[in-house]
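Enquirer: Here is a sequence together with a model predicted from it:
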Amino acid sequence: MIDSETGREVSARLSKIEGQIKGVRRMVEEGRYCVDILHQISAIQAALNRVAQRAMKRHLESCVAEAFQSKDKRERGKKVEELMEMFSRFGK
């Protein structure tokens, strides 16, 4: 679970990203230079990656840590599978 502090941080970052996306939409509608639009899209992707990294950090610090402290082999296995999927998805 995302705690309230992390939730506020992630929410603030997502609000900024939302503003960036609206800016890119305006750029497209105005027929701005393609490379300028691509630079903004790259910045948005980087910002989303930072949000994902923050959420992953929180997951490791809380959910994964709790599963490994519980000594429940099934729960540890489940968390390992989740992590493998996340690393595969975000490791690109």
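Expert: Nice, thanks for sending it over.

Enquirer: tell me the contacts of the spatially most central residue of the chain?
Expert: Against the mean C-alpha coordinate of the chain, by C-alpha atoms, centre = their mean, the closest residue is Ala52 at 1.6 Å. Counting by C-beta atoms under 8 Å, 6 or more residues apart in numbering, Ala52 makes contact with Phe90. Any C-beta I mention is one placed from the backbone N, CA and C, and that applies to glycine too.

Enquirer: show me where this structure has helices.
Expert: Taking DSSP state H, the helices of the chain run over residues 4-29, 34-59, 65-70, 73-90.

Enquirer: Let's have the ones you listed in a markdown table, adding mean pLDDT.
Expert: A markdown table is the format used below for the helices of the chain (pLDDT from 0 to 100):
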| stretch | mean pLDDT |
| --- | --- |
| helix 4-29 | 96 |
| helix 34-59 | 95 |
| helix 65-70 | 88 |
| helix 73-90 | 89 |
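
Enquirer: burial count for Met27?
Expert: With neighbours defined by other C-beta atoms under 10 Å, the count for Met27 comes to 16.

Enquirer: OK, contacts around the closest residue in space to it that isn't next to it in sequence?
Expert: Of all residues not flanking Met27 in the chain, Ile37 sits nearest, at 5.1 Å (C-beta to C-beta, 6 or more residues apart in numbering). Residues near Ile37 by C-beta under 8 Å, 6+ apart: Val24, Met27, Val28.

Enquirer: my read: the first one touches Leu38, true?
Expert: Okay, so that is Val24. No: in this structure Val24 lies outside contact range of Leu38 using C-beta atoms under 8 Å: 9.6 Å.

Enquirer: Specify which residue of the two has the higher count of neighbours.
Expert: Remark: of Val24 and Leu38, Val24 carries more neighbours, 19 against 11, as counted by other C-beta under 10 Å.

Enquirer: ok, that one to Arg32 distance?
Expert: Between Val24 and Arg32 the distance is 9 Å, computed by C-beta to C-beta, to the nearest Å.
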